[in-house]
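# Predicted model and sequence below, questions to follow.
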Amino acid sequence: MTSELVNNFIKFCEIRANHNGSEFLDLTNHRFFYPTTLLPTLGFMIENSLKAHVHPGAHSYISTILNPSNRTDKTYVPCRMLTPEDTSDRDQILQQILGLTDESYGGINALDYLLYELTNNIYEHSEFDKAFIMAQRYPKKGFTEICFFDNGISIPGNFAKYGHPCENDSDAIDKAVNGFSTKDDEFKHRGWGINTIVKIFTEGAQGEIFIASRKGAIYINQDDPLLYKLGDKYRIDGTLISLRIPKSSVDITSYI
């Protein structure tokens with residue numbers, strides 16, 4: 001059974017593949033969007049200076065979630081653009097995202113560390129000029145979905161830049177998740193490695209992670225990770241990272 005995060009990424013790829021080259025992107029067949037579909041779709045529209053025809057049932061939601069001034073303290077953090085020059089916006093947005101969860105999300109400390117590490121890697125390694133973050137809590141479904149997208153050189157591109165050969169693009173992503181850094185000795189000085197944090201988030205808090213970068217992707221939950229080799233239809237220029245965290249409890253001390 002394919003993960004919903006993976007299916008939502010595929011949905012974006014199909015929207016992109018079906019674009020006919022006009023100035024309008026046809027979204028009229030899609031009444032509902034999770035962040036994993038909406039965020040890269042927005043990036044594709046901005047990159048190609050596109051407008052959109054949307055389903056009437058989705059118009060209000062899209063208008064709300066794309067407008068930072070509509071920030072509420074209820075169920076979402078609207079799409080925000082990050083700039084490579086300033087991390088203060090990033091830190092403020094991450095605190096807003098963490099504010100969507102409460103004590104019933106037992107992996108909150110792991111989530112805090114994970115969000116910081118993932119976004120820190122975007123700033124340190126991706127060489128992006130546009131990056132986006134958004135989050136949505138679904139109270140009836142019992143989970144929060146958080147998505148990042150940047151148009152940088154990609155995880156495999158970063159490995160290639162620093163002369164670290166990988167078998168393929170998904171292998172590069174797998175190495176990055178497991179703590180291999182293109183910067184010598186980086187993880188020796190940073191406390192928890194990202195692989196430990198991922199383990200806490202997926203095994204302890206029963207969260208899910210999906211990462212797509214260039215022609216590789218990985219899906220991680222409490223089972224064995226699934227690696228994907230992506231063809232041209234599913235290639236993504238840059239890096240997409242999506243997280244889902246359910247209501248759960250976790251004893252972080254057992255992982256330290």
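Arrived safely, thanks for sending. This is a predicted model, so every value here is computed, not measured. Numbering: from 1, shown residues only.
# May I have the longest helix seen in the chain exported as CSV, CA atoms only?
The longest helix of the chain (DSSP state H) is helix 108-125. In CSV, the C-alpha atoms belonging to helix 108-125 read as follows (Å, rounded to 0.1, in the frame of the first residue of the first chain):
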residue,chain,number,x,y,z
ILE,A,108,7.0,17.5,20.1
ASN,A,109,10.7,17.7,21.2
ALA,A,110,11.8,15.3,18.4
LEU,A,111,9.7,17.4,16.0
ASP,A,112,11.4,20.6,17.2
TYR,A,113,14.9,19.1,16.6
LEU,A,114,13.9,17.6,13.3
LEU,A,115,12.4,20.8,11.9
TYR,A,116,15.4,22.7,12.9
GLU,A,117,17.9,20.2,11.4
LEU,A,118,16.0,19.9,8.1
THR,A,119,15.6,23.6,7.5
ASN,A,120,19.2,24.2,8.7
ASN,A,121,20.3,21.9,6.0
ILE,A,122,18.3,23.9,3.4
TYR,A,123,20.2,27.0,4.4
GLU,A,124,23.6,25.4,4.6
HIS,A,125,23.6,23.2,1.6
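# tell me the average confidence for it?
Mean per-residue pLDDT for helix 108-125: 78.
# tell me which residues in that helix are buried?
Across helix 108-125, burial judged by 16 or more other Cβ atoms under 10 Å covers 108, 110-115, 118-119, 121-123, 125. For every residue, glycine as well, the C-beta is placed using N, CA and C.
# any chance of those in TSV, plus distance to residue 162?
Shown next, in TSV, are those (distance: Cβ to Cβ, whole Å):
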residue	distance to residue 162
108	34
110	28
111	29
112	28
113	25
114	24
115	25
118	19
119	20
121	14
122	16
123	16
125	9
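# Show me which of those residues is closest to residue 20.
Lowest distance from residue 20 to these (Cβ to Cβ) belongs to residue 122, with 31.7 Å.
# Show me where this structure has its strands.
24-27, 51-54, 76-82, 131-138, 143-150, 208-214, 216-220, 226-229, 236-246 (DSSP state E).
# can you redo those as CSV with mean pLDDT and mean neighbour count?
Output for the strands of the chain, formatted as CSV (pLDDT from 0 to 100; neighbours: other Cβ atoms under 10 Å):
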stretch, mean pLDDT, mean neighbour count
strand 24-27, 96, 17
strand 51-54, 94, 14
strand 76-82, 88, 20
strand 131-138, 91, 22
strand 143-150, 92, 26
strand 208-214, 94, 25
strand 216-220, 96, 23
strand 226-229, 96, 15
strand 236-246, 92, 23
